[in-house]
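# Dropping the sequence and predicted coords here.
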Amino acid sequence: MSRTVLGIDLGGTNTVLALVNPRGEILAGGQVKTCGHHDFAAFVNELLRETRRMVADSGAPYPAAVGVGAPAANIMTGTIERTANLPWEPPILLAAQIGEVFGVPVAVGNDANAAALGEMTYGAARGMRDFIMITLGTGVGSGVVCDGNLLSGREGMAGELGHIIIRRGGRSCGCGRNGCLETYTSARGVARTAVEMLNKDPERPSILRQVAPEDMTSLHVYQAAMASDSLALEVFEFTGKVLGEALADFAAFTSPKAFVLFGGLAQSGEMLLKPLKKAFEENLLFLHADGRIKILLSQLPQAQAAVLGASALAWQKLG
């Protein structure tokens, strides 16, 4: 049997593991509670025990390398310097401590960068050397690949396109600034837009008036839009327009072959994609306005994307 790598998707509540072969097939999977471990060393040992169980149950070889995708992880240092959702005090020495316990090379990257490498290795960007991955979830993440290399910057934290300001003096963002792309085109951003539109025109009928503002989610907006609610459809029109304008600006400084969209919001279909593509084409720099930059949807399975992305980090580590 060919060699394998271990992909680890490190989350605030659960950590998902997968043994992956070079074809991107998951040979065995496992899970460890993150929130129940307040000692990082004990957590790493639990990861090793789970990995050994996966190897024994599947008959797959012990992994030749480990890739870890984690929030705010630094691909250059292999550490997490700041965290809001993990139970350990930073800095968290991910690469060093996991490598010492597992005895194999370890690569670490943030979730969106891992997703970009996963897409390049297994998905819609396979064979591409220049593309931008945009993850549309609770926040907006991104991974920028230029000339086949992941853009990491001086300190390993480059490519935070979700925190490009697209509305000066706009909505407050969790990063401490105002008007970031994330505040408009994430799942939370969709809910904020819906509440703003409802408040702006209190006489306008909408299914969404049945939802308390503090309980509003992007799923409520999606369901209302699928029921042909005009206000909900307008929310998606606005969201797609803002994202399309932003992608046109991003194209001006990296000249990618494609943008690959991933995440729950990206699955909204033409409600989002139609206004997005229209705004993108209308705002492209003339040098790129030839239809060659594609807007693609991820081909990674939603439930497996994070661990596949992490495994791609490991394969890259092995060269």
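Alright, I've got the coordinates. Numbering: from 1, shown residues only.
# Show me which parts of stretch 156-174 are buried, residue by residue.
Of the residues in stretch 156-174, 156-164, 166, 171, 173 count as buried by neighbour count, 16 or more other CB atoms under 10 Å. Where C-beta positions appear, they are placed from N, C-alpha and C, glycine not excepted.
# what's the farthest-apart pair in those?
Pairwise distances across these peak at 27.7 Å for 156 and 171 (criterion: CB to CB).
# Could you pull out the strands in the stretch 1-150 of the chain for me?
For the stretch 1-150 of the chain, the strands defined by DSSP state E, counting those that start in this stretch cover 5-10, 14-20, 26-33, 66-69, 73-74, 79-80, 106-109, 131-136, 140-146, 149-150.
# Minimum distance to residue 182: which of the ones you listed has it?
strand 140-146 (4.2 Å).
# can you tell me the average pLDDT over the closest one?
For strand 140-146, mean pLDDT is 93.
# could I have it exported to PDB, CA atoms only?
What follows is strand 140-146, C-alpha atoms only, in PDB (Å, rounded to 0.1, in the frame of the first residue of the first chain):
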ATOM      1  CA  VAL A 140     -14.500  35.200   5.100                       C
ATOM      2  CA  GLY A 141     -11.100  33.400   4.700                       C
ATOM      3  CA  SER A 142      -8.800  33.300   1.800                       C
ATOM      4  CA  GLY A 143      -5.700  31.500   0.500                       C
ATOM      5  CA  VAL A 144      -3.700  33.100  -2.300                       C
ATOM      6  CA  VAL A 145      -1.600  31.000  -4.600                       C
ATOM      7  CA  CYS A 146       0.900  32.700  -6.900                       C
END
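# and it with strand 131-136, angle?
In terms of direction (axes from the mean of the first three to the mean of the last three CA atoms, to 10 degrees), strand 140-146 departs from strand 131-136 by 170 degrees.
# for strand 140-146, packing partners?
If contacts are counted by 3 or more CB pairs under 8 Å, 6 or more residues apart in numbering; DSSP states H and E, strand 140-146 sits against helix 111-122, strand 131-136.
# can you list contacts of stretch 197-206?
Here stretch 197-206 makes contact (CB atoms under 8 Å, 6 or more residues apart in numbering) with 208-209, 213, 224, 229-232, 234-235.
# Can you tell me which of the strands of the stretch 1-150 of the chain is most buried?
For those, the largest average neighbour count (mean count of other CB atoms under 10 Å) is found in strand 66-69, namely a mean of 30.
# Sheet partners, orientation included, of that strand?
Strand pairing for strand 66-69, using DSSP bridges, gives strand 5-10 (parallel), strand 106-109 (parallel).
# Of those strands, which is nearest residue 304?
strand 5-10 (9.0 Å).
# what about dumping the CA coordinates of the closest one to CSV?
The C-alpha trace of strand 5-10 is given here as CSV (Å, rounded to 0.1, in the frame of the first residue of the first chain):
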residue,chain,number,x,y,z
VAL,A,5,-0.3,11.4,5.5
LEU,A,6,-2.4,12.5,8.4
GLY,A,7,-4.6,15.6,8.0
ILE,A,8,-5.8,17.3,11.2
ASP,A,9,-8.6,19.9,11.3
LEU,A,10,-8.2,21.6,14.6
